[in-house]
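# Need a 3D model of the sequence below.
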Amino acid sequence: ALDWRGMLLTTRFVREAYARLGELPTEERLERESAAPVFLHLVPAFQEPQIAVTVSALVASRYPHGRLHVVVVTKEEEERAPHPAMGVSTGELVRRLRETLPPYQQKRLTHVAMPGPGRKAHQLNWALRPELLREVLGEEIDPGQVFVGVSDADSIPDLDTYRWIAHRELSGQGSLAYQGIPLSLANYDRLTIRGKICAIQQSSIFIRVSIARLLNEVKRVRLLERMTAGLPRLAWIIRPAFELLFRRAQICLGHNQFVRLDLMQSLGGFPTSGATEDSTLGYALGRRGVLIQALPMVEVTDLPETSEGVIRQNARWYLGVLDDIPYLRRTWWEEPTAFNLAQLVRHIGNKVVEWPIAALVYPVTGWLGWYLAYHHEGHRFWFYMATGAPTVSLLLTVWVGGIMTQTLIQDMRPYLPRQVDLRRKSLQERFLGTFRCQTYWLLATRGAWRVLWALARRGRYEPAKTDRVTGRRVYVPQRAARSLSPVKGRPGEGT
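Below you'll find the model as predicted:
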């Protein structure tokens, strides 16, 4: 029921925002506004054969030419030794693309190669070096006016994302950080039935948990402010109790996210201590008291096209969850507040513990219910409770996870930045999508246990990058290029 409510909240938020696209400031007006934000959009890339699709979409965004800068950060090691299946490096693909772009889009695009080893966070920080910022943004730029955006190399953003943020900033409703909606639907047409189930379920997590939590967190903070203002003498006990019991973690998702440059510089750049920089960044922003504002503009990304790819992706994410424990423990030790304690406890309970056992919850509770029913068959109340609770839980899983999730994700189709047919087209697809909606959680659980097993045996786990070279089931760049065109007749778009 909570999942359903979260999805309804987010889809309504998106629907209302796209209905008001015509109210966004035009490029001409933003060109005249000296206070309009500047965007430095970073794309870390390594062995990405489809990088041109992402970069083409970013540089074609509807925003004043001089206020948008896209920086693709590759690695020198790939320049020296490209992937054999690609033939050329990702950097070379970017250079070739740049030659085909119109002059104004060429000016928006910068490519740099990072020397030495490093993960995504290191690539992002390489692009935030002062000398590169001066080269791209100019000498007189104000960091308080610049937003650092991040997209993955398989991201396809909405063309109006920057205008929406600029509208918020100019209307006095701005924020230090924004998180947009990423949906794992870009390669939906290439996926198997199992892959399509996983794409829908992974996308639903972002909608019903990540974005819904950001929307609700603003309401919680406002409620806390009203409570402490109304009862100032009890504020000393209301605030810590509320933060301990009701505050939730700030969530960054690693792409379709924007953080102001001066804030990023005060944090020392993107966190590099763990396997994933996004969740740590969210906790760091929460520690600073920064409320991340939900961004309704939709971005689509690829889902790994094999079950093994989904497992490896979740293993990397779960390793990042484990890597966040020392950071949260150190944060609470340095600042022993109720909020920091709640972040640590919820992180361990909701992520570290829940992730590996997610696939076991339903069979265990089902067995426990029937076990108790057998032993209490003479007590009518307990018998019906023991048999009814697992049954109702199973029915809700099928209804919410298999039916309503598919329906609400399909309702997002008009707002996707590329055309994707999300309908279930066969009886087999409808049946499996409805009654095997927990497929994604089975793979996610396997990813978590792969990490735990490796740590137990070898003391370490080496996270693998998502393979978008040999990990594709079908390689059809022409099809992807044709699908890049915006959806015709999008609701709320002005002429």
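# quick one: the strands in the stretch 151-300 of the chain?
177-183, 257-260, 293-300 (DSSP state E, counting those that start in this stretch).
# can you list the weak-confidence ranges in the stretch 351-495 of the chain?
Low-confidence segments of the stretch 351-495 of the chain (pLDDT under 70): 362, 377, 471-495.
# Show the residue spans covered by the helices in it.
354-357, 361-375, 380-396, 405-411, 427-435, 439-458, 477-482 (DSSP state H, counting those that start in this stretch).
# Could I get the strands of the stretch 151-300 of the chain in CSV, plus columns for distance to residue 102 and mean neighbour count?
All C-beta spots, glycine's among them, are computed from the backbone N, C-alpha and C. Listed next are the strands of the stretch 151-300 of the chain as CSV, based on distance: least, CB to CB, whole Å; neighbours: other CB atoms under 10 Å:
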stretch, distance to residue 102, mean neighbour count
strand 177-183, 26, 25
strand 257-260, 25, 24
strand 293-300, 23, 24
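# what about the residue lying closest to residue 77 once chain neighbours are set aside, helix or strand, and which?
Excluding the flanking residues, the one nearest residue 77 by CB to CB, 6 or more residues apart in numbering is residue 117, at 7.6 Å. In the assignment (DSSP states H and E), residue 117 maps to no helix and no strand.
# ok, residues contacting stretch 428-448?
193-194, 196-198, 200-202, 307, 310-318, 355-360, 362, 397-398, 401-403, 405-406, 424 (CB atoms under 8 Å, 6 or more residues apart in numbering).
# Just the buried ones from those, in ChimeraX syntax?
Only the buried entries of the contacts of stretch 428-448 go into this ChimeraX selection, using 16 or more other CB atoms under 10 Å:
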select :193,194,196,197,198,200,201,202,307,310,311,312,313,314,315,316,317,318,355,356,358,359,401,402,405,406,424
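# Considering only helices and strands, which part of this structure has the lowest mean pLDDT?
Across the helices and strands of the chain, mean pLDDT, DSSP states H and E gives its lowest value to helix 477-482, namely a mean of 38.
# Ramachandran angles for residue 109?
Per-residue torsions, residue 109: phi -100, psi 130 (degrees, to the nearest 10).
# which residues of this structure score low on pLDDT?
Checking the chain against pLDDT under 70 turns up 1-2, 362, 377, 471-495.
# Tell me which residue lies nearest the centroid of it.
residue 253 (3.1 Å; CA atoms, centre = their mean).
# so that residue makes contact with residue 183?
No. Assessed by CB atoms under 8 Å, residue 253 is found out of contact with residue 183, at 10.9 Å.
# can you list residues touching both of those two?
In contact with both residue 253 and residue 183: residue 206, using CB under 8 Å, 6+ apart.
# Identify each of the helices in the stretch 1-150 of the chain and give its residue range.
With helices called from DSSP H, counting those that start in this stretch, the stretch 1-150 of the chain shows them at 2-19, 27-32, 51-59, 76-80, 90-100, 103-108, 120-127, 130-137.
# do you know which of those lies nearest residue 234?
Nearest to residue 234 among these is helix 2-19; the distance by CB to CB comes to 29.1 Å.
# and the closest one, what other elements does it pack with?
When contacts are defined as 3 or more CB pairs under 8 Å, 6 or more residues apart in numbering; DSSP states H and E, helix 2-19 packs onto helix 212-230, strand 293-300, helix 405-411.
# Can you tell me which of the ones you listed is most buried?
The highest average neighbour count among the helices and strands packed on helix 2-19, using mean count of other CB atoms under 10 Å, belongs to strand 293-300 at a mean of 24.
# Report the contact partners of residue 250.
Residue 250 is in contact with 214, 217, 282, 283, 285, 286, 290, 291, 292, counting by CB under 8 Å, 6+ apart.
# tally of neighbours for the last one?
Read it as residue 292. Using other CB atoms under 10 Å, the number of residues around residue 292 comes to 24.
# Isn't it up against residue 179?
Yes. With contact defined as CB under 8 Å, residue 292 reaches residue 179; the gap is 5.1 Å.
# Mutual contacts of the two, please.
214, 251, 252.
# The first one contacts residue 294, correct?
Looking back up the chat, that one is residue 214. Yes. Between residue 214 and residue 294 there is a contact under CB under 8 Å: 4.2 Å.
# got any residues that touch both of the two?
residue 179.
# what's near enough to touch the residue nearest to residue 346 when sequence neighbours are not counted?
Spatial nearest neighbour of residue 346, excluding adjacent residues (CB to CB, 6+ apart): residue 249 at 6.4 Å. Shown in contact with residue 249 (CB under 8 Å, 6+ apart): 213, 282, 283, 286, 343, 346, 347.
# and residue 158, how many neighbours does it have?
28.
# can I assume it is in contact with residue 418?
No. Counting by CB under 8 Å, residue 158 stays clear of residue 418, with 10.0 Å between them.
# re earlier: distance check, the residue nearest to residue 77 against residue 46.
Using CB to CB, to the nearest Å, we find residue 117 at a distance of 11 Å from residue 46.
# Next, give phi and psi for the residue lying closest to residue 286 once chain neighbours are set aside.
Closest residue to residue 286 apart from its sequence neighbours, by CB to CB, 6+ apart: residue 250 at 3.9 Å. Main-chain torsions, residue 250, degrees, to the nearest 10: phi -80, psi 140.
# Quick check: residue 250 vs residue 330, distance?
17 Å.
# Equivalent analysis for residue 120, please.
Counting by CB to CB - residue 120 and residue 330 are separated by 22 Å.
# More neighbours: which of these two?
residue 120 (24 against 13).
# quick one: contacts for the more buried one?
44, 254, 277.
# Looking at neighbours, which among those is most surrounded?
residue 44 (29 neighbours).
# what number of residues lie near the closest residue to residue 359 other than its chain neighbours?
Once flanking residues are discounted, residue 359 sits nearest to residue 445: 3.9 Å by CB to CB, 6+ apart. Using other CB under 10 Å, residue 445 has 22 other residues around it.
# again, but for residue 383
Neighbours of residue 383 using other CB under 10 Å come to 16.
# Would you list the phi and psi of residue 37?
Residue torsions, per degrees, to the nearest 10, at residue 37 are phi -70, psi 150.
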